[in-house]
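**Q** I would like the atomic coordinates for the input below:
(chains A and B)
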Amino acid sequence: MNTFLEQLKEALKSRKLYPEEIAEVLAYYKEMISDRVDNGERMSVVVASYDVNKIANNILPQYIQKRPNESSKEISKNTFNLLRFLLTTPLLIPLGILYLALIVVIISLVASCVAVLASGVIAIIPLVTQLIEQQVTTGFALGTIGAYLVGMSIGTIVILIIIKTAYYGAKWAVKLMSKLAGGKKE
Amino acid sequence: MKAELKKGVFELFVLAILTKGNSYGYKIVSDLSAYIDITESTLYPILRRLEKDDHLDTYNELYQNRNRKYYRITQKGREYLDSYLEEWEDIKRSIRS
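**A** Residues are numbered from 1 along each chain as shown, chains lettered A, B, ... in the order given. Next up is the predicted model:
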């Protein structure tokens, strides 16, 4: 039994399950094996009836779905983990491709928002230079810079809303895809 | 049977078994085997899902110097089961009429 549990532990570890999740699964199978043996089955037969990889693959999406995903670090970790699982499980490859496309869209959206924000900040330098070169009045220069900063602030708010939406989109995608993967595995 | 339907039916079977009394993993599988084709590996995610949805809760009891996890149906679980059974009766009635 110990060898089986060790193999199961390794299979679960390789799928990046958390230690407490691994402990829960091991406790369940330990109890199940002990009960089957107590009921007259041979240990070798009981252990041979389980496939550690199948068990780990069935369990992974369910655990990912259950995780709270409260930080962007946790979301990216679970996204990568789920994506790797989907793309390496033959039956789930189409779902994996769909998920990958969705993630690429979300990342592109965030990257373009960051690029727009950065270019907006940098663009203030040529604006000030131009105002100096054109020797405009101080009032006009301050008015122009003020208007630019107001525009930048509104733009920043819009961009932050888009980034926040992308964050919730990624969170929702982890839940949805793990649910779909869990349903298909059973 | 479609995956979603199968999953739902298995959940109902587990809850129905637990209405007869608290039980543990192996016994649930043994009892259910008389009605449906189910393995320990299939049962595990079902038990976890039902626990997560508060349809059942668990407690440990010492058995032959080891811990055995028992599952107990909750009030919410009973209501869930009853509502499904009522719905099923409605479906049967509408098919027959």
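**Q** Pull out the buried residues from stretch A:8-22.
**A** Neighbour counts over stretch A:8-22 (16 or more other CB atoms under 10 Å in any protein chain shown) mark A:8-9, A:11-12, A:15-17, A:21-22 as buried. Where C-beta positions appear, they are placed from N, C-alpha and C, glycine not excepted.
**Q** can you tell me which of those are in helices?
**A** Those of the buried residues of stretch A:8-22 mapping onto helices are A:8-9, A:11-12, A:21-22, per DSSP state H.
**Q** Make JSON lines from the buried residues of stretch A:8-22 and add pLDDT and distance to residue B:75 to it.
**A** Shown next, in JSON lines, are the buried residues of stretch A:8-22 (pLDDT from 0 to 100; distance: CB to CB, whole Å):
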{"residue": "A:8", "pLDDT": "93", "distance to residue B:75": "35"}
{"residue": "A:9", "pLDDT": "94", "distance to residue B:75": "36"}
{"residue": "A:11", "pLDDT": "92", "distance to residue B:75": "37"}
{"residue": "A:12", "pLDDT": "93", "distance to residue B:75": "33"}
{"residue": "A:15", "pLDDT": "87", "distance to residue B:75": "35"}
{"residue": "A:16", "pLDDT": "87", "distance to residue B:75": "36"}
{"residue": "A:17", "pLDDT": "91", "distance to residue B:75": "32"}
{"residue": "A:21", "pLDDT": "90", "distance to residue B:75": "28"}
{"residue": "A:22", "pLDDT": "93", "distance to residue B:75": "32"}
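**Q** Out of these, which comes closest to chain B?
**A** Of all the buried residues of stretch A:8-22, chain B sits closest to residue A:21, with 10.1 Å by CB to the nearest CB.
**Q** my guess is residue B:13 meets residue B:36, correct?
**A** Yes - the pair residue B:13 / residue B:36 is scored as a contact, 6.0 Å apart, by CB atoms under 8 Å.
**Q** if you count what's nearby, which of the two comes out ahead?
**A** residue B:13 (19 against 12; other CB atoms under 10 Å in any protein chain shown).
**Q** And the pLDDT at that one?
**A** For residue B:13, the pLDDT comes out at 92.
**Q** what's the nearest residue to it if we skip its chain neighbours?
**A** Counting by CB to CB, 6 or more residues apart in numbering or on different chains, residue B:13 lies nearest to residue B:32, which is 5.5 Å off, once chain neighbours are set aside.
**Q** Share the number of residues neighbouring that neighbour, please.
**A** Neighbour number of residue B:32 under other CB under 10 Å is 20.
**Q** now do the one 5 residues further on
**A** The burial metric for residue B:37, expressed as a neighbour count using other CB under 10 Å, is 7.
**Q** likewise residue B:45?
**A** Neighbour count for residue B:45, taken as other CB under 10 Å: 19.
**Q** and it, what does it touch?
**A** Residue B:45 makes contact with A:58-59, A:62, A:182, A:186, according to CB atoms under 8 Å, 6 or more residues apart in numbering or on different chains.
**Q** Work out for me the element residue 46 sits within.
**A** No chain was given, so I picked chain A. helix A:43-48 (DSSP states H and E).
**Q** look at chain B instead
**A** Here residue B:46 is assigned to helix B:40-52, by DSSP H and E.
**Q** Backbone torsions only: list them for residue B:71.
**A** Per-residue torsions, residue B:71: phi -110, psi 140 (degrees, to the nearest 10).
**Q** State the distance from the residue nearest to residue B:13 to residue B:16.
**A** For residue B:32, the distance to residue B:16 equals 9 Å [CB to CB, to the nearest Å].
**Q** give me the number of residues near residue A:72?
**A** 11.
**Q** contacting residues for it?
**A** residue A:167.
**Q** How confident is the prediction for it, by pLDDT?
**A** 84.
**Q** Give me the phi and psi for it.
**A** Torsion angles, degrees, to the nearest 10, at residue A:72: phi -60, psi -30.
**Q** Near chain A, which residues of chain B? Just list them.
**A** Residues of chain B lying close to chain A by CB under 8 Å from any CB of the partner chain are B:3-4, B:6-7, B:24-27, B:29-30, B:40-42, B:44-45, B:48-49, B:52, B:64, B:66-69.
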